[in-house]
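J.: coords below, sequence missing:
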């Protein structure tokens, strides 16, 4: 399949704000995990109740992770708890959103795409991010490596992440996503190399289809990864956001990475086009060579067969047939004709 | 047919403002329906007279639906009633307008395209929208699902539409149109998937023509849907319009949808191009294979036939003919030659 | 021929301002016609003398039509009469100008292209327009439908043209030109439809050349029509011009038309490209089918001919030849081989 | 050869400002000619000494023409005389500059390209222009038609050039260059017409190579001519330059010409692409026709030869052979088969 | 291989600022060389200790060259010495950066790419440049021609470099890099010329692959060289940087060079595309010619062989066989048929 169907259809004629899950994950109950930390403290709360969320104070940085957005009821209650606009909730549960950023009065809403699995077939999952004062809220369709890795960094205080500010937390999350884009990109580069290596050995229809499929997949990859650059740019431009003087360099770095990813995708595409052209040229060359040689063989024998046909006629009076060495003379003539033709073909560099 | 002829020709040399219907619908008498509502009330008036329109007061929101724009006389009177510019009237009745928005002193004029029928062959109908203070006027070529659905929403107060403001009413209308674009888009995606699935089974000229026709249709679809994004953008930018702080988020959502539609169209087009290339490659591969094998068969037999020709000559003195096992020797030689050729062809991977 | 040679060459090395006619019309004497009108009056003066031009007062709107710009002497005197810059005069007589607008201190200079004839082969004539206070001056290479139609409108006061202002007069002229573009466009659309219909019936080299020629012609058409949009935009932006609050809506309408023409041209071009691809594909498919079937016939008979060749050999000892039913056995074997081959080919879907 | 090697290599590792001639003209001694004129006077000074240059006063307009820039020593002294920056001098002697304009404190530096010869193979020569107060300095690689023509205009006071201001002098020089671009363009248009005419007669490999070479040459032509538009635009935008109210219309005219040249180049390129496609299509059509007819001939005879082969077999018992009219029956059958095949082929429109 | 894998993967999940060398050079100990100079003095210090760096005073211009960035420990200490941001250090050691410029509070950071070797296969090395007050710091993956040449210029005071300011030093470094781009470009131009020359002689699959490889390599070259223009533009726009009124002309020159390089790359690419098309056309023409002639030979003999087959039949009653000159008559007929066919083919210009 090439592009996700926009599952809006099931909603056709209904007003906006209707919460309908449009993803591919089997629906199940939502789980809400919270991590609260400051420079000196670190606490993890798994599967908390809604009441717990009221107690998130301003002293610490809080990260609320909402897993399984398909749970419509809980999502709705959750949304009311944090005063999220119903269009935001719709965008969270309708997981066919574009990669985008939206600025609301009290929060910033970012949608990015992460992989369902790092090494498997390309399948995207939507990661919705809400930054509200000192609280980071993430929404996942199902448990995902991105938040697992962020949790680990917080737990181990890698890179002194707990001593950095709120904006750095969000940066870390997006950095993990970007790193996984790089990793996926590398596997595409490997695939291209592999195809390139195979090409001179075997030229089969399958190879061509592989090239085309890779092209399609990179097209899909590009679709969600490409706008990342624009999003970071918009975040940077926005005043009074979580991007501060202290962490703006990190976001510049992120921007740089997103530009590099986009560039690499473009180069990959150009390479695939190049490979396609080479493939098509090799295929046609190979066929041409076969046809040429086969045709040359035919052409060599056709005049000789004609001569044999002549002397196979049953005319009563054919003087040559009576000659003692007529047969050998004719054989000789045939050999001579064949040799002459071969010489001519050779000279004309036809084989 | 590919593009609508611009029916202006019948008007050639005439000054602007001349009202000539240029659509494909059988002309018939205009019907004017009115719905008036406020938070607490809801009234429907079908097939009203012109006098009725004078009584539309400022207390409620009014929606006037003018069906069958081909009725030139009524349209003219109607236009005078609401002080519409004669160029606006011309754009309403000449239904070959581009999707566009125009701002007049006392009203805003929007032209969008809706489908004649949701599931049938792509055929567009023009939906002209006029927003004037608290009155929404819609002009249709014939009765259409868009206004039917809006009426239903108002009747059932779906999504509390009657409690929202005037701008939300217009948003709802455009949202219904956008939803139908999504639905049409989905059917194109299905068609592409279908073609894609068929491709490996049967490669016929018809398939190629289907691909091309789909491409043409998407081209037409794109033509009217593409400018939607721009229109919403212009509406948003316009000050003192019906887009207020209360409903601007809905328009942002609409803008987002229109961007997503455009993106999907572009991806569909890229996919169709890809499929075309794969199709052409498969066709040529298949032919090449047939020709190769056929040529190989010919090439195998031609030297053998030549040998048979040799011994079919009627020379008086051909020693081999007298040998007791000459015949079998020659047969053996032929078999050997055939085997050698097959081995050579195999080694060269010619089949 | 594809593009007009820029006839500047004959002027090579000469300073600018030199008046040399570069068009294709047979030079003849200039004719100057004047129409003066106000709301209440309408006068026509054909073939006036230069002195007459001094009497054009400010009370009425005057339209001076200069026919046959090739008349260098008269043009020069005329230019001096109206204080036209010598570069303007050069642009009027050197009719290879681009469609353009230029603003001078005392007048506005517009160059557009009209057709020599509405229904014949595409040939452009330059229509130079000068708007100076209340005087519209038009320059033609030869008599043309554009001014004829405008004259008729004025005569009959169609659309109350005589009651409108000066800007509306110029609008009317450009509207007539635009209408003729639409009409030409329609004939291109018809040609494309015709080619499209023919395509499935007969695929001949001529059809391909027709497609290409149509493409070339549309290219030329586009060249002069495309900038129209830009010109109207510039006229609209210009302050203190003949575009007033009263007539600006008409110019907006004109702008809209020019955008629609450009869009249609682009779609036509895309369609022609599509048709070209389909044509090429049909041609190659048809050839492939012929070659495939012919090759299959050859391949069927070659092994059979070989067998006949075997039993045509003259070996003294060939046991089969002596069998009573040898002949029929061989015939039977041949039939069996042919059937088997046909079955194999059928199964492989080779025909 | 396709593009000029950037002869910087010989300078590799050396600091900027080093004067090395990189053109193709045989180096020779520089010649400095001066023309001084005012409305009432005109003087020519050929091959002047450096001292002479000190005496150029402000009363007249002076044009200093420096021929043979390869003369490094003289150029250096000359540069010091006029306070030219050493990077300017480097750009003058390294004649591989792009067409460009640079504004220095005391002078304006323009680089354009002129043809070595108007009618010969496309070869560019660099014309460096310096406008300094009332002095125009031109630098040539060798004597060139551009300055010859300007000199003639000054001598004969064509177009009252001596009564115009300094900016008009520079305009005249650039106008001559532009005129020569038009002339070159015309010869390209002729070449395209010629190729177009030849195409239907003879389709040879050479023609294709000619098309491609013409394309390459136009590519090179375009490279140096394309930026002209930009340069004139920059000159116009620059305040306090030699473009005054009195001559700005001439520069607008020049700008217009440069736009027209660029447009024509683009159309030429599109035409060449079109011609290439038609050429390729004709070639392939012609080949296809030959192959089709040849294959049809083969296919006609193969079954007949098979039948003849049947009755050439030497079976002892072949009843048909004994029939009195067997031979004629077989001949008749052959004719019938041939006719049936021809009819089938005709019906299928295979020839 | 086509594009460098982004070696970020090894860092996946780690926070930014981690120093991991990602280049291809064998890691070894860092070497720090310092050159200090003023107008009157010049000192070289090889392989200095860290303490030495504290003594770099403001009186002179200092150039610190850090060779072998893979030495993580030394790089870290070095970074602390000069207060470099840890993201800067990461960009220096992760040598897969894009060509870019970043402005920090106390220093400017530029990344450009130089060749590992001027004449060998294209392999890039990263050259990181830091400009901090009067200190230029360069970071190399391994010893490189760029810094060697700069050192030589300083030593010999070529172009009075020691009398120029700090900005000129940086300019000189970038000028050397740009010169090497020109030199590489020239070798590509030579390769294209070579391929072009070979093309008419031998058309082999290898040639096509060479063209494609050259295209790929130019693609890679372009990738790192293209942004140079943008970087110089950004440096020029930046206020209070090392670009002063005194050296800004040099940077303008550099900008001009970078534009010229980009233009040449684009033209090279267009040329390669042209060559590819010519190549493909020649290949297909040549094959077509062979196939045509071979098919003509076959077609000539097939009817003749058929006639021979006729008279090879063994019918008892075949009158012609009994004719005395039957044999010669048939031979004559064959010759006549062959001649007629040849004439027809000739007339149709089939060979």
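T.: Everything's here; your move. Note that the structure is predicted; figures quoted are calculated from it, not measured.
J.: So what does the closest residue to residue A:159 other than its chain neighbours have for phi and psi?
T.: If the residues on either side of it in the chain are set aside, residue A:159 comes closest to residue E:15, at 2.9 Å by CB to CB, 6 or more residues apart in numbering or on different chains. Glycine gets a C-beta too; all of them are placed from N, C-alpha and C. Backbone geometry at residue E:15, expressed as degrees, to the nearest 10, gives phi -70, psi 160.
J.: where along chain A do the helices fall?
T.: A:50-54, A:72-81, A:86-93, A:145-156, A:166-199, A:205-225, A:228-237, A:248-310, A:319-322, A:326-347 (DSSP state H).
J.: tell me, how many neighbours does residue A:44 end up with?
T.: 13 (other CB atoms under 10 Å in any protein chain shown).
J.: Can you check the pLDDT for the residue nearest to residue A:159?
T.: Looking at residue E:15, its pLDDT reads 73.
J.: follow-up on the earlier one: just put the helices of chain A in JSON lines and tack on distance to chain D and mean pLDDT.
T.: As requested, the helices of chain A are arranged in JSON lines below (distance: least, CB to the nearest CB, whole Å; pLDDT from 0 to 100):
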{"stretch": "helix A:50-54", "distance to chain D": "61", "mean pLDDT": "91"}
{"stretch": "helix A:72-81", "distance to chain D": "55", "mean pLDDT": "93"}
{"stretch": "helix A:86-93", "distance to chain D": "45", "mean pLDDT": "91"}
{"stretch": "helix A:145-156", "distance to chain D": "48", "mean pLDDT": "93"}
{"stretch": "helix A:166-199", "distance to chain D": "26", "mean pLDDT": "89"}
{"stretch": "helix A:205-225", "distance to chain D": "22", "mean pLDDT": "84"}
{"stretch": "helix A:228-237", "distance to chain D": "29", "mean pLDDT": "90"}
{"stretch": "helix A:248-310", "distance to chain D": "9", "mean pLDDT": "87"}
{"stretch": "helix A:319-322", "distance to chain D": "16", "mean pLDDT": "88"}
{"stretch": "helix A:326-347", "distance to chain D": "18", "mean pLDDT": "93"}
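J.: got CSV for those, with mean neighbour count and distance to chain E too?
T.: Formatted as CSV, those follow (neighbours: other CB atoms under 10 Å in any protein chain shown; distance: least, CB to the nearest CB, whole Å):
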stretch, mean neighbour count, distance to chain E
helix A:50-54, 12, 28
helix A:72-81, 16, 28
helix A:86-93, 21, 26
helix A:145-156, 18, 5
helix A:166-199, 20, 4
helix A:205-225, 18, 13
helix A:228-237, 18, 12
helix A:248-310, 19, 3
helix A:319-322, 14, 8
helix A:326-347, 14, 9
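J.: Go through these and name the closest to residue C:256.
T.: Closest to residue C:256 of the helices of chain A is helix A:228-237 (CB to CB; 31.6 Å).
J.: what's the closest one packed up against?
T.: Helix A:228-237 sits against strand A:100-103, strand A:108-115, helix A:166-199, helix A:248-310, with contacts defined as 3 or more CB pairs under 8 Å, 6 or more residues apart in numbering or on different chains; DSSP states H and E.
J.: between those, which gets nearest to chain C?
T.: Nearest to chain C, of all these, is helix A:248-310, at 8.8 Å by CB to the nearest CB.
J.: The closest one and chain B, are they touching?
T.: Yes: shown here: helix A:248-310 in contact with chain B (CB under 8 Å from any CB of the partner chain) through A:276, A:280, A:283, A:287, A:290-291, A:294-295, A:297-298, A:301-302, A:304-305, A:308-309.
J.: Next, format the helices and strands packed on helix A:228-237 as CSV and append distance to residue B:342.
T.: Listed next are those as CSV, based on distance: least, CB to CB, whole Å:
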stretch, distance to residue B:342
strand A:100-103, 63
strand A:108-115, 50
helix A:166-199, 27
helix A:248-310, 13
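J.: domains in chain A, as residue ranges please.
T.: A:1-162, A:164-292, A:293-347 (automatic domain parsing).
J.: how about the residues of the stretch 201-350 of chain A near chain C?
T.: So far as CB under 8 Å from any CB goes, the stretch 201-350 of chain A lies against chain C at residue A:312.
J.: Nearest to chain D: which residue in the stretch 201-350 of chain A?
T.: Counting by CB to the nearest CB, the stretch 201-350 of chain A gets nearest chain D through residue A:312, at 6.8 Å.
J.: Can you give me every residue that contacts that residue?
T.: With contact set as CB atoms under 8 Å, 6 or more residues apart in numbering or on different chains, residue A:312 has these partners: B:309, B:312-314, C:312, D:312, E:308, E:312.
J.: nearest to residue D:232, of the domains of chain A?
T.: domain A:164-292 (34.5 Å).
J.: re the thing from before, okay, the residue of the stretch 201-350 of chain A closest to chain D: pLDDT?
T.: Taking residue A:312 on its own, its pLDDT is 91.
J.: thinking again about what came up before, with residue A:145 as the reference, measure out to the residue nearest to residue A:159.
T.: Taking CB to CB, to the nearest Å as the measure, residue E:15 falls 16 Å from residue A:145.
J.: same deal with residue A:170?
T.: For residue A:170, the distance to residue A:145 - CB to CB - is 17 Å.
J.: Would you mind listing the buried residues in stretch A:109-125?
T.: A:109-116, A:122, A:124-125 (16 or more other CB atoms under 10 Å in any protein chain shown).
J.: how long is it end to end?
T.: 17 Å (CA to CA, to the nearest Å).
J.: Need the residues that contact it.
T.: A:23-25, A:88, A:91, A:95, A:97-103, A:126-131, A:140-142, A:144-146, A:174, A:177, A:180, A:183-184, A:187, A:217, A:220-221, A:224-225, A:228, A:231, A:235.
J.: again, but for stretch A:98-106
T.: Counting by CB under 8 Å, 6+ apart, A:83, A:85, A:88, A:108-113, A:132, A:224-228, A:231, A:234-235, A:238, B:252, B:256, B:259-260, B:263 sit against stretch A:98-106.
J.: Report the contact partners of the residue nearest to residue A:159.
T.: With CB under 8 Å, 6+ apart, residue E:15 has these contacts: A:153, A:158-159, A:161, A:172, A:175.
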